[in-house]
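Q: sequence? don't have it. structure:
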């Protein structure tokens, strides 16, 4: 398409090619309904203006990309339903508008086969919708980007990663809550991207990643506001929450079958902390998984040397790698690492799991309310940071267990003068 197309007297344009379909920058397409059939790649990335779009590329591994200047819907046009490739990458972009994958007779509303599917509803507060009974498939990985999402349908990234992130920089993400456009204390001007438990359970993937700390979509604060349970047979195995600014607040529990990772220090200059929103309670808001990995720049909970408010964790053994926590970066940052496990073995395994606080003089505080603390790797602070371990809360019979791989030390190479206090 070398020049602009804007047919009059019709609401449907159907393009067919035995080869590739491309367009020049000036070759925009303006039409209510657009269908594209091609034996090769489809590349339509100018400022098109289409209401409903459907396309198929039958060439092996041929990519398909379409950009609309504002809102559009993936639907049925001229007998063609959805957007599909023969295992080629799909990229659909509404530059400044809503993007909807509607329910169609097609098996998958968007189907990239074993390749990747990337969908973006660009612009402040715009909405990405996967309608009920619709599916977005890309077993090479699926990426969804929008300030608001309605995931009434399903996402199929089986064996790969599904990434969900906001389009606007520093936008708040509400895990367990609803989308919001309203200015509030926690979302002052940009609203929030809400992802409910039901929506997250409709994603089939090895790992679901929520948030971003790269490019122009640096995720702001993340809040876990309602319980999340991804332990079902068709849900994601692992869940990662990641951001660069604003930290991660834990106001409800999260449970996964595999690895649960919270990263509040992604990217250079990160300043995030991981905090519990209900001070004074030790057994609620449990972060549970076969493995629990926590990373922050300015603290993970608050140790008992202050107003004791740890992060509650629960790792499952014997299959899991146990607990890993890292705070600060190369002697920078601030804050403590304070963790409590309500029951079972609090495990720092020799499979690479460590507890490391590199913030100068930041403490490590590990408590098990009803079980053993097993340290089979490194627990270490920088500077003169203290280390506390307490496995005695339930009374006699609970132990702190170490082996030949165990290393508990204050300061680099053990040169610190911080207290090491073990109670069992």
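A: Done, it's in. No experiment lies behind these values; they were computed from the predicted model shown.
Q: so residue 206 makes contact with residue 235?
A: No. In this structure, residue 206 is not within contact of residue 235 by Cβ atoms under 8 Å, at 10.8 Å. For every residue, glycine as well, the C-beta is placed using N, CA and C.
Q: Now do the buried residues in whichever strand in the chain runs longest.
A: Assignment by DSSP state E gives strand 42-60 as the longest strand of the chain. For strand 42-60, the neighbour count (16 or more other Cβ atoms under 10 Å) marks 42-57, 59 as buried.
Q: What score does residue 170 have for pLDDT?
A: Per-residue confidence for residue 170 comes out at a pLDDT of 84.
Q: Regarding it, what is its secondary structure?
A: Three-state assignment for residue 170 (DSSP: H, G, I helix; E, B strand; the rest coil): coil.
Q: residues near it, how many?
A: 16 (other Cβ atoms under 10 Å).
Q: chain center to the helix-or-strand element of the chain with minimal mean pLDDT: distance?
A: Least confident helix or strand, the chain: strand 346-348 with a mean of 89, by mean pLDDT, DSSP states H and E. In this view, strand 346-348 has its centroid 25 Å away from the chain centroid, taken as Cα atoms, centre = their mean, to the nearest Å.
Q: Quick check: next helix or strand after it?
A: strand 355-357 (DSSP states H and E).
Q: strand partners of that next one, parallel vs antiparallel please.
A: In the sheet, strand 355-357 lines up against strand 322-327 (parallel), strand 378-381 (parallel) (DSSP bridges).
Q: which of the ones you listed sits most buried?
A: Compared across these, strand 322-327 shows the largest average neighbour count, a mean of 26 (mean count of other Cβ atoms under 10 Å).
Q: any idea of the mean pLDDT for it?
A: Here the average pLDDT along strand 322-327 is 91.
Q: Stretch 253-271 too?
A: Per-residue scores along stretch 253-271 average to 85.
Q: For the protein, which segments are assigned as helices?
A: 197-201 (DSSP state H).
Q: now for the least confident helix or strand of the chain, which elements pack on it?
A: strand 311-315, strand 322-327, strand 373-375 (3 or more Cβ pairs under 8 Å, 6 or more residues apart in numbering; DSSP states H and E).
Q: Make TSV out of those strands and add distance to residue 296.
A: Output for the helices and strands packed on strand 346-348, formatted as TSV (distance: least, Cβ to Cβ, whole Å):
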stretch	distance to residue 296
strand 311-315	10
strand 322-327	5
strand 373-375	21
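Q: still on that earlier bit, would TSV of the strands paired with strand 355-357 with distance to residue 405 be doable?
A: As requested, these are arranged in TSV below (distance: least, Cβ to Cβ, whole Å):
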stretch	distance to residue 405
strand 322-327	12
strand 378-381	9
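Q: among the ones you listed, which is nearest residue 109?
A: Taking Cβ to Cβ, strand 322-327 is the member of these nearest to residue 109, at 38.2 Å.
Q: Across the sheet, point out what pairs with residue 255.
A: The partner residues for residue 255, given DSSP bridges, come to residue 229, residue 288.
Q: for it, what are its contacts?
A: 227, 228, 229, 230, 231, 286, 288, 289 (Cβ atoms under 8 Å, 6 or more residues apart in numbering).
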